[in-house]
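# What shape does this take:
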Amino acid sequence: AYAAWCGPCQQMAPVMEQIARTYSATARPNPIRVVKFNTEEYEDMADRLGVTSLPTVLFMAEGRVVHRFEGAAPVGYMEDLVDYAFYGGERPEEPTELTPRDLF
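This next block holds a predicted model:
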C-alpha cells in the first residue's frame, strides 16, 4: 500500500520491484505475486486491510494477511521477510535506523 506523495513509498518502489523479479514464476518454482495499490484511490481496500501507515507491505496467502511490515527496509530484509512469510524461513530481526542508501 502506498501513496504518490509518500517519500518512503517512493524509496521502497525499487526494493519491491527487485522482490517481484527475485520471486517471480520464472525465478522460483513457488512464485509470489507483488501487487501495489494507491491508498488514495482505493481507500475502502486500505480500510478493510487495516492500512494505517505508509508504506505497508502485506503478505497474503489464501486471501488473508499472514504478515505485515510498515515502513521502508532494504531489499535483503524484505527477502528475509518473504522467506519467513511464505517459505518457512526464520523471522528476521527488524532493521534499525536506515539511511536512503541502505535501501538499495
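
# where does the residue nearest in space to the middle of the chain land on pLDDT?
In the chain, the residue lying closest to the centroid (Cα atoms, centre = their mean) is Val57, at 3.4 Å. pLDDT, Val57: 97.

# ok, now how distant is it from Pro8?
Distance of Val57 to Pro8, given as Cβ to Cβ, to the nearest Å: 11 Å. Every residue, glycine included, has its C-beta placed from N, CA and C.

# Show me what the helix ranked longest in the chain is packed against.
In terms of residue count, the longest helix belonging to the chain (DSSP state H) is helix 7-22. The contact analysis (3 or more Cβ pairs under 8 Å, 6 or more residues apart in numbering; DSSP states H and E) places helix 7-22 against helix 75-87.

# tell me the angle the helix it packs on makes with helix 7-22.
60 degrees (axes from the mean of the first three to the mean of the last three Cα atoms, to 10 degrees).

# any idea how far the longest helix of the chain is from the chain center?
Centre-to-centre, helix 7-22 and its host chain are 8 Å apart (Cα atoms, centre = their mean, to the nearest Å).

# got a list of contacts for that helix?
If you take Cβ atoms under 8 Å, 6 or more residues apart in numbering as the criterion, helix 7-22 is touched by 2-3, 27-28, 33-34, 36, 54-55, 57, 71-75, 78-79, 82, 100, 103-104.

# what comes up buried for it?
By 16 or more other Cβ atoms under 10 Å, the buried positions in helix 7-22 come out as 8-9, 11-12, 15-16, 18-20, 22.

# Please list all residues in contact with Glu70.
Counted by Cβ under 8 Å, 6+ apart, Glu70 has contacts 52-57.

# nope, Glu79 is what I meant
If you count contacts by Cβ under 8 Å, 6+ apart, then Glu79 has 19, 22 around it.

# what pLDDT does it get?
95.

# Same question for Ala25.
For Ala25, the predicted pLDDT is 86.

# what's the burial count for Leu81?
For Leu81, the count of nearby residues is 21 (other Cβ atoms under 10 Å).

# That one against Glu90, yeah?
No. Applying Cβ atoms under 8 Å as the test, Leu81 and Glu90 come out as separate, 10.8 Å apart.
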